[in-house]
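> have a look; sequence and predicted model below, questions after that.
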Amino acid sequence: MNEDPKSSEEAKGPLGEQQEYTKPQRPYTNLPFDLKPDELSQKGVQKMLLGEISRLDSRVTELSEFEEKYHERDRDCAVLMAKRQRDTMLEILYTVAIAVGAALVGWLPSSSSTGGTVAVLSMSLALFIFALLAKWKGGKNEA
């Protein structure tokens, strides 16, 4: 028999491995479960309960795998959020240092004293160097 290639692709997981899809069989869902002690001693009821226990055990195993994957991804997400927050703070620091340094250089022509001009120029150059070093050092940490 020829199999539809599209349907075989749908049965494959994200990494191409074949995944097993089993639809749980629940033939007793419409039965009332108000069982009396003498009804619990019947073999049919016991088999039904054992089947339900088996189904629930397989479901728990399947969900525990998803839980592990969830926690793994949650940790990865927390690490990336911390990196993003650090990078954002570094960008703010860089921008403020460049802006203040540029403002000080722009203010230099209006300053009247020579000693004040040298001090302001040295502060603005120190801010520029600090900003560039912080940007360079922050970029190195990401690699």
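Cool, the structure landed.

> I'd like the next helix or strand past the biggest helix by length in the chain.
What stands out as the longest helix in the chain, according to DSSP state H, is helix 43-107. With elements assigned by DSSP states H and E, the helix or strand that comes after helix 43-107 is helix 114-142.

> that following helix to helix 43-107, inter-axis angle?
Here the directions of helix 114-142 and helix 43-107 differ by 160 degrees (axes from the mean of the first three to the mean of the last three CA atoms, to 10 degrees).

> buried sites along helix 114-142?
By 16 or more other CB atoms under 10 Å, the buried positions in helix 114-142 come out as Val120, Ser124, Leu127, Phe128, Ala131, Lys135, Gly138. Where C-beta positions appear, they are placed from N, C-alpha and C, glycine not excepted.

> tell me which of those residues is nearest to Lys43?
Lowest distance from Lys43 to the buried residues of helix 114-142 (CB to CB) belongs to Gly138, with 70.9 Å.

> and the pLDDT for that closest one?
We note a pLDDT of 69 for Gly138 in this prediction.
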